[in-house]
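> Just the structure for this:
(one chain, ligands or ions: 2)
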Amino acid sequence: MENIGDHMGKRKKKTRIVIDYSKCGEKGKIDPRDCGKCLQVCDPCVFLRHMTLGVKPKDPYDPQDWRITAVWPSVCTRCLKCVEICPEKAISVSW
Ligand code: SF4
Ligand code: SF4
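Ligands and ions are numbered 1, 2, ... in the order given. Next up is the predicted model:
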């Protein structure tokens, strides 16, 4: 009989998706609301564009107060379309 340890060892490795905020949003020169290409190409909708948590905006149009987060990496199909389309090379996907 297969034990639980064997079963766990065969589980798919988690996908890690990292956004470099020094390139997009916050400290970057790109406003994620103007670009959003990663949102458009990702079929399973892994990404969310949102206001930086905890921020008390002085100006709601300030790009530095917005960011993209990969909130659902578990549904990523590892197609790498987001990595290829990002004009700032701000996204890395690994597993
Ligand atoms: S690799 Fe593909 S599925 Fe995964 S986050 Fe990027 S676009 Fe979405
Ligand atoms: S594609 Fe890249 S630059 Fe454009 S919003 Fe997504 S992370 Fe930012």
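
> where does this structure have its least confident helix or strand?
In the chain, the helix or strand scored least confidently by mean pLDDT, DSSP states H and E is helix 4-9, which has a mean of 48.

> Following that helix in sequence, what is the next regular element?
strand 16-19 (DSSP states H and E).

> how about the helix or strand following that next one, does it get close to ligand 1?
Where DSSP H and E defines the elements, the next helix or strand beyond strand 16-19 is helix 37-41. Yes - interface with ligand 1: helix 37-41 contributes Val41 (Cβ under 6 Å from any ligand atom). All C-beta spots, glycine's among them, are computed from the backbone N, C-alpha and C.

> Against which helices or strands is the next helix-or-strand element following helix 37-41 packed?
Next along the chain after helix 37-41, taking DSSP H and E as the criterion, comes strand 47-51. Applying 3 or more Cβ pairs under 8 Å, 6 or more residues apart in numbering; DSSP states H and E, one finds that strand 47-51 contacts helix 37-41, strand 66-70.

> Get me the contact residues on the protein for ligand 1.
Checking the chain against ligand 1 by Cβ under 6 Å from any ligand atom, the hits are 17, 41-42, 44, 46, 76-82, 93.
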